[in-house]
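In: Provided below for reference: sequence and predicted model.
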Amino acid sequence: MEGLRSVMEKFAASGWDLISDPAQQWLDGKADRDTLVSAVRQADEECGSCGCELDPLYKRALELL
């Protein structure tokens, strides 16, 4: 299982602004938890079953947050 930091690093490197910006803010210690959770939920809704490597990470991040 991946830890939250590892998941956020993958989100930050994804290049998808919806998730990369809030993830980078979290890594920088500047994130608002509610904003991050909202972004992860939206990303999961929009892309959570497309088959990419991030799909399971959305659910994992929500478990850890």
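Out: Nice, thanks for sending it over.
In: Can you tell me the SS state at Cys50?
Out: Look at Cys50: counting by DSSP: H, G, I helix; E, B strand; the rest coil, its state is coil.
In: number of nearby residues for it?
Out: When neighbours are counted by other CB atoms under 10 Å, Cys50 registers 8. For glycine as for every other residue, the C-beta is placed from the backbone atoms N, C-alpha and C.
In: Next: Asp55.
Out: When neighbours are counted by other CB under 10 Å, Asp55 comes out with 15.
In: Find the residue closest to it in space, skipping its chain neighbours.
Out: Gly48 (5.5 Å; CB to CB, 6 or more residues apart in numbering).
In: now swap in Leu18 and tell me
Out: Here the residue nearest Leu18, using CB to CB, 6+ apart, is Ala43, at 5.5 Å.
In: Name the SS class of that neighbour, please.
Out: helix.
In: Identify the residues contacting it.
Out: Phe11, Trp16, Leu18, Ile19, Leu54, Tyr58 (CB atoms under 8 Å, 6 or more residues apart in numbering).
In: any chance of those residues in TSV, with pLDDT too?
Out: Shown next, in TSV, are the contacts of Ala43 (pLDDT from 0 to 100):
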residue	pLDDT
Phe11	97
Trp16	94
Leu18	95
Ile19	96
Leu54	94
Tyr58	96
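In: Adding distance to Gly29, write the residues you listed out as a markdown table.
Out: Shown next, in a markdown table, are the contacts of Ala43 (distance: CB to CB, whole Å):
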| residue | distance to Gly29 |
| --- | --- |
| Phe11 | 16 |
| Trp16 | 21 |
| Leu18 | 21 |
| Ile19 | 18 |
| Leu54 | 23 |
| Tyr58 | 22 |
